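Enquirer: Generate a structure from the sequence data that follows.
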Amino acid sequence: MSGVVALFTLSVPVAMIGTGLLLEAFHPPAAVTALASVLLAGVLVAGTRRNLRQARWPADNAQQ
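Expert: Numbering: from 1, shown residues only. Prediction:
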């Protein structure tokens, strides 16, 4: 659990630095489009995986 918290704690400043560098290198509309494209790619990958779309919670298995 502490590893997850450390990862989240480090990811926020890294993301802010990366976004700042992206905004320095490109015009804001292009930077926002690039970020939206990365998020869209993640959603599309997750949407094509059946095991992610039909995930079952452990509590669901206990009720059956």
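Enquirer: Give me the packing partners of the helix or strand hosting P13, helices and strands only.
Expert: Here P13 sits within helix 2-25, counting by DSSP states H and E. In terms of contacts (3 or more Cβ pairs under 8 Å, 6 or more residues apart in numbering; DSSP states H and E), helix 2-25 is packed against helix 28-48. From N, CA and C alone the C-beta is placed, and that goes for glycine too.
Enquirer: who's in contact with the helix it packs on?
Expert: T19, L22, L23, A25, F26, L52, R53 (Cβ atoms under 8 Å, 6 or more residues apart in numbering).
Enquirer: again, only using 7 Å
Expert: The contact list for helix 28-48, computed with Cβ atoms under 7 Å, 6 or more residues apart in numbering, reads L22, L23, L52, R53.
Enquirer: which of the residues you listed sit farthest apart?
Expert: Between any two of these, the greatest separation by Cβ to Cβ is 34.0 Å, found for L23 and R53.
Enquirer: Run through the chain and note the low-pLDDT ranges.
Expert: Residue ranges of the chain with pLDDT under 70: 60-64.
Enquirer: Noted, bye for now.
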